[in-house]
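Visitor: task: produce atomic coordinates for the following.
(2 chains)
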Amino acid sequence: DGGITQSPKYLFRKEGQNVTLSCEQNLNHDAMYWYRQDPGQGLRLIYYSQIVNDFQKGDIAEGYSVSREKKESFPLTVTSAQKNPTAFYLCASSNHGQIGNTIYFGEGSWLTVV
Amino acid sequence: SQKIEQNSEALNIQEGKTATLTCNYTNYSPAYLQWYRQDPGRGPVFLLLIRENEKEKRKERLKVTFDTTLKQSLFHITASQPADSATYLCALGSNAGNMLTFGGGTRLMVKT
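Guide: Residues are numbered from 1 along each chain as shown, chains lettered A, B, ... in the order given. Down below sits the predicted model:
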């Protein structure tokens, strides 16, 4: 089945640790995105990539890093510089050339700092 | 700055009634607006898109209106069912950069 796979679903991070969230899509989409969602709040854009080997900061990029070495993969690293990383993280993709830019989301990853 | 407002309070309605959710925006001239459904602990799922030159769009029991003068979209679910209970997000997009900006979502609870 075509879709977006995020892993792990649940992740615990100790203070000072970097952790990486995986995101893979087999939809052949050019654009990929990472959003953060805090309880009861909307989605905030962390990073996005419209093409391989290129990515742009979103509204809340500080403390995060990404890479886009392959079209189907867009991993997100939550670094120790992110002071409040506990949240629900959503990876998404879209066909960049499509008018209206419908976004397809993965099932999300819960990150908790312990 | 751009601002998208959805009612943060949950909307509780009786099964069979029409649910109406509101999305208001300021400092924005979107080319299109989308509505997504999000179940707890899951990723949002696309429902409907409406363009700036369209007044209304329908899909089965769903209807979306878009008033660029009032800067408002209304999302209607007719003959609501308990299975419609979820959080509904609106998102606005412009043709420049093709990026979406999401509202905070409104939680809908349909009771029997």
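Visitor: assign a three-state SS to the residue of chain B found nearest chain A, would you?
Guide: Nearest residue of chain B to chain A: residue B:43, at 3.2 Å (Cβ to the nearest Cβ). In this view, the C-beta of every residue, glycine as well, is placed from N, C-alpha and C. The three-state label for residue B:43, taken from DSSP: H, G, I helix; E, B strand; the rest coil, comes out as coil.
Visitor: could you measure the nearest residue to it once chain neighbours are set aside against residue B:81, distance?
Guide: With Cβ to Cβ, 6 or more residues apart in numbering or on different chains as the criterion, residue B:43 has its nearest non-adjacent residue at 3.2 Å, and that residue is residue A:105. From residue A:105 over to residue B:81 the distance is 23 Å, taken as Cβ to Cβ, to the nearest Å.
Visitor: which residue of those two possesses the greater neighbour count?
Guide: Set side by side, residue A:105 and residue B:81 show unequal neighbour counts under other Cβ atoms under 10 Å in any protein chain shown, the larger going to residue A:105 at 22 against 12.
Visitor: what sits against the residue nearest the centre of chain A?
Guide: What sits nearest the mean C-alpha location of chain A, by Cα atoms, centre = their mean, is residue A:34, with 2.7 Å. Neighbour list for residue A:34: A:21, A:23, A:45-48, A:58, A:64, A:66, A:74, A:76, A:89-92 [criterion: Cβ atoms under 8 Å, 6 or more residues apart in numbering or on different chains].
Visitor: describe which strands the host helix or strand of it pairs with in its sheet and in which direction.
Guide: Element membership for residue A:34 (DSSP states H and E) is strand A:31-37. Sheet pairing of strand A:31-37 (DSSP bridges) gives strand A:43-51 (antiparallel), strand A:87-94 (antiparallel).
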